[in-house]
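Colleague: 3D model of this:
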Amino acid sequence: MNIAVSPSAEEPSARTQVQWSLRWESELQLPDHAELPDFFRKSYGPTGAFNAQPFEGIRSWAGARPEMRVIGYDAHGVAAHIGLLRRFIKIG
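Modeller: Next comes the predicted model:
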């Protein structure tokens, strides 16, 4: 996903402040799981044949469920998200 930010004449102090939260998946509460899919549906929009089906209801993941999340909140709710999932690789 490419994001283009246009330059503006705003002063840095006028920008919306983002508060970051680092939490294990088990620490998320029901309101968190309700807010995240709404953010994903707005961010990704239609994603092909299945559209935003992975984020229907309060499902806040697509495919594998992340173990840890970094969530950025601004005055409007969720503003950013990073999901972390460990994968173990066997070589040989």
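
Colleague: Angles on the backbone of Leu84, please.
Modeller: For Leu84, the backbone dihedrals (degrees, to the nearest 10) come out as phi -110, psi 130.

Colleague: again with Tyr44
Modeller: Backbone geometry at Tyr44, expressed as degrees, to the nearest 10, gives phi -90, psi -30.

Colleague: Next one: it from His81, what distance?
Modeller: Distance, Tyr44 to His81, by C-beta to C-beta, to the nearest Å: 11 Å. For every residue, glycine as well, the C-beta is placed using N, CA and C.

Colleague: pLDDT below threshold where in this protein?
Modeller: Applying pLDDT under 70 to the chain flags the ranges 1-15, 46-64.

Colleague: hey, where'd the helices end up in it?
Modeller: Listed in chain order, the helices of the chain (DSSP state H) span residues 30-44.

Colleague: burial of the nearest residue in space to Trp20 that is not next to it in sequence, as a residue count?
Modeller: Taking C-beta to C-beta, 6 or more residues apart in numbering, and ignoring the residues beside it in sequence, Trp20 has Gly72 as its nearest neighbour in space, at 5.4 Å. Using other C-beta atoms under 10 Å, Gly72 has 13 other residues around it.

Colleague: doesn't Gln19 make contact with Gly72?
Modeller: Yes: if you go by C-beta atoms under 8 Å, Gly72 and Gln19 touch, sitting 7.1 Å apart.
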